[in-house]
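structure of the sequence below:
(one chain, ligands or ions: 2)
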Amino acid sequence: MGRIRLLAWWVQMGSVLLFAVSCMVDRDRITEDPFLGEPAARRAVGQLANQLLSADRFTRLEIEVVYMEGFRPTNQMLGEMVSFLETYTHKPDGVIFREREIPALGQQSYTVQELLALEREHRQRYNERNILTVFLLVVDGYFSRDDEDTFALGAAYQSTSMVLFGRRIVENSGIIRRPGRALLESTIVLHELGHLMGLVNNGTDMVEDHEDEENHFHCDNSSCLMFWAVETHRVLGMVNATIPPLDVKCRNDLRANGGR
Ligand SMILES: [Zn+2]
Ligand SMILES: [Zn+2]
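Residues are numbered from 1 along each chain as shown. Ligands and ions are numbered 1, 2, ... in the order given. Have a look, this model is predicted:
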């Protein structure tokens with residue numbers, strides 16, 4: 001009898017131990033989920049393209065807009081982002097924005113390392129449950145990689161992270177022979193969203209070859225939103241009244257990777 005009770009105790013303890021082990025395994029699995037939390041946000045541009053486009057894993061999208069004082073994006077730009085996302089992604093539970101102002105740092109330019117540090121300090125939302133999060137930073141300076149001939153107005157720098165160089169946008173819009181600010185920043189931010197969606201050939205496979213051979217991850221069609229010049233100073237001569245649309249090859253790529 002004593003032996004049977006002991007056996008029962010062992011079986012019970014065994015199942016408790018087993019349960020404890022499986023809990024630990026589960027917790028490890030959650031923290032190692034490549035699509036959740038900070039680890040997912042640290043992945044390279046295009047690595048969450050399918051998760052952004054489809055509703056398989058994430059049904060809701062949250063965009064956290066953090067801008068330095070004096071560089072709040074226009075409402076028109078936020079509206080353009082919503083309609084772009086609704087056109088190309090499946091997010092049945094909606095797209096929402098959170099926005100927050102942070103102090104302007106007054107720096108002339110920002111390196112990628114500095115952008116990453118600002119994101120670590122100010123980003124509050126990371127992917128969780130059915131919610132995919134995108135971080136948009138607007139800084140008061142230029143990109144450190146600019147040179148005399150070319151400057152960037154924006155960049156996508158991690159799987160769900162984009163930056164706008166607010167000072168460039170303000171300086172190059174709303175004056176004679178320049179696009180309006182809302183049109184310019186909308187064009188740049190949609191181009192960067194295109195990169196987060198894996199365009200071109202960077203996270204989303206091409207249905208038909210159309211990657212620009214000299215400017216990787218860009219479309220070879222000069223009238224497409226994903227043409228390389230769109231995020232540089234050359235856009236100033238390209239955009240006059242409307243945002244360049246995605247061409248049919250880019251749209252086909254998005255659809256083949258779970259997009260709309
Ligand atoms: Zn680009
Ligand atoms: Zn294209």
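
check contacts around Leu53.
Contacts for Leu53 (CB atoms under 8 Å, 6 or more residues apart in numbering) come out as Tyr88, Thr89, His90, Met197, Gly198, Thr204, Leu254, Asn257, Gly258, Gly259, Arg260. Any C-beta I mention is one placed from the backbone N, CA and C, and that applies to glycine too.

one more pass at 7 Å, please.
For Leu53, the contacting residues are Tyr88, Thr89, Met197, Leu254, Asn257, Gly258, Gly259, by CB atoms under 7 Å, 6 or more residues apart in numbering.

look up the pLDDT of it for me, please.
Leu53 is assigned 98 on the pLDDT scale.

nearest residue to it in space, please, no chain neighbours.
Nearest non-adjacent residue to Leu53, counting by CB to CB, 6 or more residues apart in numbering: Gly259, 3.7 Å away.

could you pull up phi and psi at the one you found?
When read as degrees, to the nearest 10, the backbone of Gly259 gives phi -80, psi -170.

show me where the stretch 51-200 of the chain has helices.
In the stretch 51-200 of the chain, helices defined by DSSP state H, counting those that start in this stretch lie at 75-88, 112-122, 166-171, 181-196, listed in chain order.

now do the shortest one, average pLDDT.
Spelled out, that is helix 166-171. For helix 166-171, the mean pLDDT works out to 94.

which one of the helices of the stretch 51-200 of the chain lies nearest to ligand 2?
Taking CB to the ion, helix 181-196 is the member of the helices of the stretch 51-200 of the chain nearest to ligand 2, at 8.4 Å.

the closest one versus helix 75-88: what angle between them?
If you take axes from the mean of the first three to the mean of the last three CA atoms, to 10 degrees, helix 181-196 sits at 30 degrees to helix 75-88.

can you give me how far helix 181-196 is from the chain middle?
The chain centroid and the centroid of helix 181-196 are separated by 11 Å under CA atoms, centre = their mean, to the nearest Å.

which strands or helices does that helix pack on?
Packing contacts for helix 181-196, counted by 3 or more CB pairs under 7 Å, 6 or more residues apart in numbering; DSSP states H and E, involve helix 75-88, strand 154-158, strand 161-165, helix 166-171.

now the end-to-end length of stretch 57-74.
Using CA to CA, to the nearest Å, the gap from the first to the last residue of stretch 57-74 comes to 31 Å.

contact partners of it?
Under CB under 7 Å, 6+ apart, the answer for stretch 57-74 is 35, 51, 81, 85, 91-105, 122-125, 127, 130-140, 166, 181-182, 185.

does any part of stretch 243-255 sit near ligand 2?
Yes. Judged by CB under 5 Å from the ion, stretch 243-255 comes into contact with ligand 2 through Asp247, Cys250.

wait, stretch 195-214
No. Contact of stretch 195-214 with ligand 2 (CB under 5 Å from the ion) is absent, the minimum separation being 6.1 Å.

select, out of the helices and strands packed on helix 181-196, the one closest to Asn221.
The closest of the helices and strands packed on helix 181-196 to Asn221 is helix 75-88. By CB to CB, the value is 16.9 Å.

buried ones in the closest one, by neighbour count?
By neighbour count with 16 or more other CB atoms under 10 Å, helix 75-88 contains the buried residues Met77, Leu78, Glu80, Met81, Phe84, Leu85, Tyr88.

re earlier: will you turn the contacts of Leu53 into a markdown table that also has pLDDT?
A markdown table is the format used below for the contacts of Leu53 (pLDDT from 0 to 100):
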| residue | pLDDT |
| --- | --- |
| Tyr88 | 98 |
| Thr89 | 98 |
| Met197 | 98 |
| Leu254 | 98 |
| Asn257 | 98 |
| Gly258 | 98 |
| Gly259 | 98 |
